[in-house]
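[1] generate coordinates for the sequence data below:
(chains A, B, C, D and E)
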Amino acid sequence: MSEASLLIEAPPEGGQNRRGFVLHTLRHRPAAVIGATILVLVALGAILAQWIAPYPLHQQVGPVFAHPSWHHLLGLDDGGIDMVTLLMWGARVSLVVGFAATLVSMAIGGAVGVLAGYFGGWVDTVLMRITDYFLVLPDVPLMIVVAAIWGPSLFHIIIVIGILLWTSTARVIRAQVKSVRERVYVKRARALGAGHTRIVFTHVLPQVAPLLIANTVLTVAVAIFDETALSFLGLGDPSTTSLGKVIENAFQRAAISAGAWWAIVWPGVLVTLIILGCSLVGGALEDALNPRLRVAHLGARTFRLRPLVGRGQDAL
Amino acid sequence: MSKKWLAALPLLVAALIFATTATGSGSSSKSGGTFKLGTASGIDSLNPYVAFNQDAYSAFEYIYPILVQYDAKLHYAPFFATSWKASNGGKTWTFKTRAHAKWSDGKPLTAADAAWTINTDVKYKNGATANVAGLVSHIKGAKAPNATTLVVNYDGRVNPSWVLGQFQQYAILPQHIWAQHLGKKGAGLKTFPNSAPIVGSGPFNLVRFKQNDIALFQRNDSYWGPKPKIDVFGLQQFSNDDAMITALKAHDLDAVESVPATTMKTLRKAGFVVQDVKGLDQTDFIINSNPKKKKHRELLNLKVKEAFDHAIDRKKIISVVYLGAAQLPSSIIPAPAGAGWHNPHLKTPTFDIALANKILDKLGYKKGPGGIRVANGKKMSYDVIIPTDVQSLPRTFQIIQADFAKIGVQLKEDALDSTAAFDKMAGSNYTYQGFDLAMWDWTALIDPDFMLSVVTCAQWGGWSDSAFCDKHYDKMYSQQQTAATPAKRRQIVWQMQAYLYQHRPYLWLANDDQVSAVSKNWAGFTNTAQGPFNELNISVLTSVHQK
Amino acid sequence: MTAPLLEVENLNVWFDLEGGGELHAVQGVDFSLEPGERMGLVGESGCGKTTTALAIMGLLPPSASVAGRVLIDGEDILAGGEAAMRPHRWVDIAIVFQGAMNALNPVRTIGQQIVESLEIHDRGKGAAARARTGELLESVGIPAARASRYPHELSGGMRQRAAIAMALSCSPRVLIADEPTTALDVMVQAQILELLDGLCNDFGLALVLVTHDLPVVAQLCNHCSVMYAGEIVERGPLDVLYHAPGHPYTRMLFAASPDLGMGDAPVLSIPGAPPRLDRPIDGCPFRPRCDSSFAACVERPHLRGVGDDHAAACHLNEMVTA
Amino acid sequence: MRGTDYVLKRIAFAIVTIFVAVSLNFVLFRLAPGTAVTNLARVPHATPALRNALKKQFGLDKSKSEQYVIYLEQLVHGNLGVSFENEQPVSKNLRIAVINTLPMVTIGTLFSILIGTLTGVIAAWRRGTPTEAATVSSALGFYAMPTQWLGLMLIIAFAGVLPTGGMTNEFLLDPGFWQHLRDLASHILLPALTLGLTLYGEYTLIVRSAMLETLGEDYILTARAKGLRPWTIVRKHALRNAMLPITTLVALSLGYIVAGAILIEIVFSWPGVGRAVYLAVQERDYPMLQGAFLLLTISVVICNLIADLLYFKLDPRITE
Amino acid sequence: MSVDATVLEVEDLVVRYPIHRGLVGAVTRQPRRQVHAVEGVSLSLQKGEMLALVGESGCGKTTTAQAVLRLVDPVAGAIRFDGRDLVPLGSRDLRPVRRRIQVVYQDPYESLDPRFRVKAVVEEPLLIHGLGGSKAERMERVRDALARVELSPPELFLERFPHELSGGQRQRVAIAAALALEPDVLVADEPVSMLDVSVRAGVLNVLDGLRRNGLAILMITHDLSTAARFAQRIAVMYLGRIVEEGPAAAVVRNPQHPYTKALLSVVPRRDPRDRQRPQILQGETPDAVFIPSGCRFHPRCPVAIERCSIEDPALARPASAEDGHRAACLLLPARS
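    Below is the predicted model:
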């Protein structure tokens, strides 16, 4: 009997196909399912704000800080603007800032990480030293300083957040690329005479992609968080309505003392939800990607004892 | 973590839990009690050559001798000076000062201290004392022939009300303290921190001061004037209105200097006395009036300015932004400034979009694409510089922007921090070429001189933010300083207001109220246009007392 | 008759799979061990040999469920679950794992780790425990002074020796060695095997050597159990297993290991791969790879005696005896 | 000696980082709109003479490189310049602010590390149980809340029960020691709690995954095989090893502590460094901002250095 | 194989890696240290021959292989392929040569990109070297290569991902990928050590078949049994040197060098009756940084004499050995 024909029955061993890894994780981890649902709902509300928001963004529809009512489910803000409308548009700006800043930081962090990890040697040393410097510089104060100097605008905020958040991405990606680079199949490709571009794009990047995605999602959370902080410090763009700006407006007009808790509670809840969504999705992806989390030799739960009837394989 | 630390933690936790049960307790009260006032701005510096904030000047009012003060009707009343007269055709002023006054360290306080302060300020007015230079303008020098006589010499005839207006804001410093800190060319005057406890001579002694936090004043029992009824006055600074109002509600504060309009209703409901007084702060819409302006010269056209003025819905601004706690403005000198300086004949421009459109149509500025008018071949689309630290402006801008769209004028927000905003408006070398429109606010003083000065040509490179420069106006300005009688001065001041009303370097938006809140446990607490803690006189804190 | 030192009876282990379902990793394993006996547990990767070792120690992960009995001196130590097993660990049965680098805590010294096991089982405290640690290290060929070294400061062979010294600290009666020489060089492997040999001889230690390497077992053990697909398919004295195997798998496994003395004789691999254990298996699990399967193999064979102290699970034996 | 090289390298790195930050600081603030002159010359009737005098006073008439050298010289002497706001030395303003900030941040951070470690260990230990789900989701929940918002929520919740602003009740003119301590503690509670709550979530997650990674190591299996009790294993084997990544990550999150402190000090009117930064931003008091930024950077760098050295002490494997 | 069919010849190869002195080291001017990975190795490989390079970990066998593949730069020596020295060549000039020297790595789980299907894995070398013409022609070569490693019918495997294959099959795919370029030399670095015993023979037999068809194979292994069975010649390395080299049967049956003797004595035999007294060397291979003086094996050598610590022996044919069998030991009487 030929060996090969038998091999068809060979069992899948270890390892797993990384194709569709992200989708698979999103579907099979409860945390990721919850997180993704939150994000999709918020994103839908934000994207469709133009069409489904109940009122125009800048229209005063009632008295300042009017109570929640049937017409305005979440009440009105300090300009007499409908909170539901504000939250939709605010989420839109916050998400745009979050994603755009993340894109900037991913581009920098991804490039630095791949270059440092792949080429190693002095390239690695130089890039990692730079990364280390950025890593110890306190982000938010630096953002404050730069935003204060450049002046408040959405574009500046995106750039400022983007150019300060890339460090952790660079480190994570570098570590991963370094390990991929040491994988035998990359060595084999090198021994075959494959060029750097080919190796990076066909072997390294696809392998790093899920981690990059996980990192992106987590960075979005940080970027949105930072945006609310900058807005709160009065460094936000006054001509746009981000969630941070909505909180800051309410805070400036003493919403709490005015008894208008809805003007400050809801935007905060929404920010929390978005960040929570990102953290859940990103965290689940990271957890799924970390092989060291798969086994635990110690836990509160132990193996179970089963009664046994019969012998050997008959015993079930 | 070391074991020692772990042992200390329960202690720490216990201390924290213990702490929660022990709040709000204890004023170490003597008979008069402690009056605790909350403020959002606070004292920026205790050095008069550095201080900028109103709270600082209010503090000086209570701790330093000042020649004159305002009475309840905002007329001049004796303070450290008991009487005054002009001579030498109005060029020399002689003040009689209090006898037997003492500084808080026991050293005698005499007219010599006043003369020294004035001479020092004149000497270094282009350097270290620039901050107060405006208050000693036209002064040649001062002398103290004896302990109770101060003679001040001017370079020309000066108007009496102007002179007293200047001295009302002028703190006399103890020579024996400050003379030690002159330093090189007086530079030491600015760097002297003047930290608490301060040697002063007012109804209160400043005994404790923490920047951005607290200023504590103790009653000065050796004070030569009417004694306060309270023992201690505290001014606590909050960076957060909510925290401040919460503290007031929890009776950690007795009063709040300036409460946000949004909380007036809830505070009244909670049983606090909310005093709503017409204030001196006005927000304005600035039109670059530089006669040498290069771009968008249509903005120099008085008709255009008039049209803009009619397109501003001030009532809406007042209801949305100020929740009603503001007045319709009409002049550079707000009505509450008192003593008749405000020109009552000036009326707030009406909100009339149709009229505004008619004026612009008449000028031939046709609407182009997007409904935006075209003037001199250029779209009437302007950036409006808005300083980010004036909290009411973004909302106000939104309202104006929407209405201006209806008259075919596009406004775009250019939010900058105040330094950057001012820099951009002044442009390089103070040429005022780089901006068209802006928004800001001014806080008027009781005496009209300062407000009227900001639109003089001489203020280019100084306070000017509209670049208004007009020979005729400048002439009137110097005339009011030297007018022989108060009535004559008032007449000129009214003329100047009317002239500005017509030339519109500023379109006045709202004149917001000064709203304070005080606990019902206190009596004799009054609010003024400058707020309860003010630089007008010492009446509020000397009359406030426990019920 | 006294009970054997260690007796494993009808041991079964299942693992819950992540996507649902379960995997029957160990299926009715039986064996017993007398003092001084050395047994090899041999099989391909995934055949359940390490799982069996872990099950005996009660070290299975929470996803596992287990049935059967593990008796020490006739007492079932498995019945009480993890907690009941604890007092027997190290005192009755100790284990040495495969990668000694990872089996030792990198931030604690070798000495500390040995002292710790002495202390928890009340075999001495403080200075006494440290003195005993020195002796133990000397007995595996490590100078006592190295007790203060960290694992990373020792070579692979030394670490494995230290792990053995630690396993011997409470004088266990059974030592399970799970692939103790994999990843070590041949010369070091020989050193370790010699050490184990000496320990068994000198202390009457019973040894279970878990490995995939038949020649190693052949050199060190007297008995061997061959596992395939979770079951023991043959067991008996090694001599018999090599010269008269009762199961084609054993025969083919020997034939697949090259030997220095074999000359140009063919080395044959076993085609195919072991069956998946998360699905029911019809008939003999080895049938698809077997070179001598026949009609009866659709029935699942059971382990049955085929000679003195020799048992195999293969229908071929029935034909012979029948 | 073991690791002299490592220690020297870390110290050298810290020094170079500080130098880079110092230089960055110089460059950054030269880009700021407006100079000391435009700020200080905003007085009525400012004359060109005054402006020139100021220019000279602040050395702005010199070349950029000369200015840089002067700046470095001043730094060496602890001179951070003069605040635009109160024209006092920045270093003096900051010293007071730092003294105020330290107790609040310390208590908040300790609280977060304590709770974070505890819940992280529990989450890892109770893996796959509802306890883990509850611990992790509450940690994530607090982590996701914007710091300033959480502070405001606490103000809503505790208004009237605890003081919501300031550091002490300054109106206690001469409080006894215990009264002062009680007063301070009551004021510190809410801000420290806010800081602790926003930080702890991250630590829980870090500790949880560090613990899980450690619990997957073979030596844990060895420890179990040795017959150690589960909590003994957690204490003696798992936690010690999990401390390694935790140390680094806690050090790296110092930047966030600083950020949190800024927001919290604003919300609770705490007169510390964060509030000073905020006010400096509001007033565009660049020298103050510059000084505060330098101070924060240096303290983060030094804390990182300490973490590195701690790591070195914890991990015997570091030799070079 | 008497005709000179040498395809690869390594002469006096030396590879050293510098060790970082560290900051303190640099400041205190400690001497620069090096790992002497390979110190003067010479070997030659003929068409249709498998040469097994045997030794313990750290002996330099893998470094030698990497130098042959020009993945590390030698300090000295020559690597002649088809008579042409590869050492001075730049990466551009090396490309055509790389095609003809292929490699199979130890770990079949790691050597295939998990995202690549089998056909892509085997096709990749062709794409890299721009060979194989059209897509269809390339697929033809892919099928061919798969058939040569006995993965047949190839259609069954083309579309699979590595995780759908068993360990042995993966290693075969890796070999197929190497064969796709039709190389002259195959470097096999421990090709079966990660595989289950039951399938090792299959992979080794595939290599053996390829060799018979003319491929020259340099096999790196630590397993003397495998080397003895499949290789034609064996070279035993110790600390960067070849200490014994010769026809496989001769080396195994008639070892000359004490190190080879010891190594052979500790190889476990599968027959339980065949238990020998192993000659166990004490200690472990020393650090390649501090090479002992004289004969580098002398500190562990059971028969060393004083001279061994002074004199460094060269490879020579001992009197008691057949032709082509050489060893480096002072105690062996050389043939005059």
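
[2] so where does the residue lying farthest from the centre of chain C fall, helix or strand?
    In chain C, the greatest distance from the average C-alpha position (Cα atoms, centre = their mean) is reached by C:Ala127, at 34.3 Å. Per DSSP states H and E, C:Ala127 falls inside helix C:126-139.

[3] and for B:Ile399?
    helix B:393-406.

[4] next, see if that helix gets close to chain D.
    No - with Cβ under 8 Å from any Cβ of the partner chain as the criterion, chain D is not reached by helix B:393-406; the gap is at least 14.5 Å. Heads up, the C-betas are built off the backbone N, CA and C, glycines and all.

[5] what's in contact with that helix?
    Contacting residues not belonging to helix B:393-406 are listed as A:58, A:78-79, A:238-239, B:283, B:285, B:308, B:311-313, B:316-317, B:320-321, B:351, B:353, B:357, B:371, B:384, B:386-387, B:410-411, B:413, B:415, B:439-441, B:509-510 [Cβ atoms under 8 Å, 6 or more residues apart in numbering or on different chains].

[6] which of those residues are buried?
    Buried residues within these, counting neighbours by 16 or more other Cβ atoms under 10 Å in any protein chain shown: A:78-79, A:238-239, B:283, B:285, B:308, B:311-313, B:316-317, B:320-321, B:351, B:357, B:384, B:386-387, B:410-411, B:413, B:415, B:439-441, B:509-510.

[7] re earlier: the helix holding C:Ala127: what's the following helix or strand?
    helix C:156-167.

[8] which secondary structure elements does that next one contact?
    strand C:93-96, helix C:100-103, helix C:110-120, helix C:126-139, helix C:186-203 (3 or more Cβ pairs under 8 Å, 6 or more residues apart in numbering or on different chains; DSSP states H and E).

[9] now the angle between helix C:186-203 and the helix or strand following the longest one, please.
    The one in question is helix C:186-203. Following the chain from helix C:186-203 toward its C-terminal end, the next helix or strand by DSSP H and E is strand C:206-211. Interaxial angle of strand C:206-211 relative to helix C:186-203 (axes from the mean of the first three to the mean of the last three Cα atoms, to 10 degrees): 160 degrees.

[10] how distant is strand C:206-211 from the center of its chain?
    In terms of Cα atoms, centre = their mean, to the nearest Å, the centre of strand C:206-211 is set 4 Å apart from its chain centre.

[11] so what strands line up beside it?
    Strand C:206-211 sits in its sheet next to strand C:38-42 (parallel), strand C:174-178 (parallel), going by DSSP bridges.

[12] that older thread, report the buried residues of the helix holding B:Ile399.
    In helix B:393-406, the ones that count as buried by 16+ other Cβ under 10 Å are B:393-401, B:403-404.

[13] hey, C-alpha coordinates of it in CSV?
    Taking C-alpha atoms only, helix B:393-406 is exported to CSV below (Å, rounded to 0.1, in the frame of the first residue of the first chain):
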residue,chain,number,x,y,z
LEU,B,393,-17.6,83.1,22.7
PRO,B,394,-17.9,79.7,20.9
ARG,B,395,-21.7,79.6,21.6
THR,B,396,-22.1,83.3,20.7
PHE,B,397,-20.2,82.7,17.5
GLN,B,398,-22.5,79.9,16.5
ILE,B,399,-25.5,82.2,16.8
ILE,B,400,-23.8,85.0,14.9
GLN,B,401,-22.5,82.7,12.2
ALA,B,402,-26.0,81.4,11.5
ASP,B,403,-27.5,84.8,11.2
PHE,B,404,-24.6,86.2,9.1
ALA,B,405,-25.2,83.4,6.6
LYS,B,406,-28.6,84.9,6.1
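
[14] how far does the helix or strand following that helix sit from the chain's center?
    Per DSSP H and E, the first helix or strand lying C-terminal to helix B:393-406 is strand B:410-416. The chain centre lies 26 Å from the centre of strand B:410-416; the measure is Cα atoms, centre = their mean.

[15] identify the residues contacting strand B:410-416?
    A:151-153, A:237-239, B:370, B:372, B:379-388, B:394, B:397, B:400-401, B:404-405, B:424, B:437, D:33.

[16] tell me where the chain has strands.
    Assuming you mean chain A. Secondary structure of chain A (DSSP state E): strands located at A:304-305.

[17] that's the wrong chain, I wanted chain E
    Using DSSP E, strands in chain E cover E:6-19, E:33-46, E:50-54, E:76-81, E:84-85, E:101-104, E:185-189, E:216-221, E:233-238, E:241-247, E:326-327.

[18] distance to D:Tyr6 and mean pLDDT added to those strands, as a markdown table?
    A markdown table is the format used below for the strands of chain E (distance: least, Cβ to Cβ, whole Å; pLDDT from 0 to 100):
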| stretch | distance to D:Tyr6 | mean pLDDT |
| --- | --- | --- |
| strand E:6-19 | 16 | 91 |
| strand E:33-46 | 18 | 90 |
| strand E:50-54 | 37 | 95 |
| strand E:76-81 | 34 | 92 |
| strand E:84-85 | 43 | 90 |
| strand E:101-104 | 37 | 91 |
| strand E:185-189 | 34 | 93 |
| strand E:216-221 | 35 | 94 |
| strand E:233-238 | 34 | 94 |
| strand E:241-247 | 35 | 94 |
| strand E:326-327 | 45 | 93 |
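
[19] for B:Asp213, give its distance to chain A.
    B:Asp213 is 19 Å from chain A, where distance means Cβ to the nearest Cβ, to the nearest Å.

[20] what about the nearest residue to that residue once chain neighbours are set aside, how many residues nearby?
    Counting by Cβ to Cβ, 6 or more residues apart in numbering or on different chains, D:Pro271 is the residue found nearest to B:Asp213 once chain neighbours are left out, at 3.9 Å. Neighbour count for D:Pro271, taken as other Cβ atoms under 10 Å in any protein chain shown: 25.

[21] check A:Thr197 too.
    The number of residues packed near A:Thr197 is 8, by other Cβ under 10 Å.

[22] so what pLDDT did it get?
    Per-residue confidence (pLDDT) for A:Thr197: 89.

[23] mind checking the backbone torsions on C:Ser155?
    phi -80, psi 170 (degrees, to the nearest 10).
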